[in-house]
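Peer 1: mind looking at a prediction? Sequence and model below.
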Amino acid sequence: MTRAKDITAELVTALRERIAIVADEKSRQRPERHMERLREVSERINALSVQLPSPIDPQLKHYLDRCSYGKALEFLEGGTQSAA
């Protein structure tokens, strides 16, 4: 697997994790820990986003810049990103 594919795979994993945390009703019972988990995964998403090889598809960039993580995940899983 190339480095670009590794980063993309890690980004997909982080996006899935963040979406799962948001949906986790039990996690919200401990608000401080819940927010910490969201912060940690969001920071990881941001760090991975800046490591994506240029040029980043404008649509994906838009989703990531706007924190539209569900749409970013759909984009990546749908395989609609342009080949780099």
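Peer 2: Everything's here; your move.

Peer 1: going forward, measure contacts between C-alpha atoms and count neighbours the same way
Peer 2: Fine.

Peer 1: for this protein, which segments count as helices?
Peer 2: With DSSP state H as the criterion, the chain has helices at 3-23, 31-51, 58-65, 69-78.

Peer 1: angle of the second one against helix 58-65?
Peer 2: Meaning helix 31-51. Note on geometry: by axes from the mean of the first three to the mean of the last three Cα atoms, to 10 degrees, helix 31-51 and helix 58-65 are set 150 degrees apart in direction.

Peer 1: count the residues that sit near residue 18.
Peer 2: Around residue 18 there are 22 other residues, counting by other Cα atoms under 10 Å.

Peer 1: check residue 15 too.
Peer 2: 23.

Peer 1: tell me which residues touch it, please.
Peer 2: 41, 45, 69, 70, 72, 73 (Cα atoms under 8 Å, 6 or more residues apart in numbering).

Peer 1: make it 7 Å
Peer 2: Listed by Cα atoms under 7 Å, 6 or more residues apart in numbering, the contact partners of residue 15 are 45, 69, 73.

Peer 1: could you dump the residues you listed into a markdown table and include neighbour count and pLDDT?
Peer 2: What follows is the contacts of residue 15, written out as a markdown table (neighbours: other Cα atoms under 10 Å; pLDDT from 0 to 100):
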| residue | neighbour count | pLDDT |
| --- | --- | --- |
| 45 | 21 | 98 |
| 69 | 21 | 96 |
| 73 | 20 | 97 |
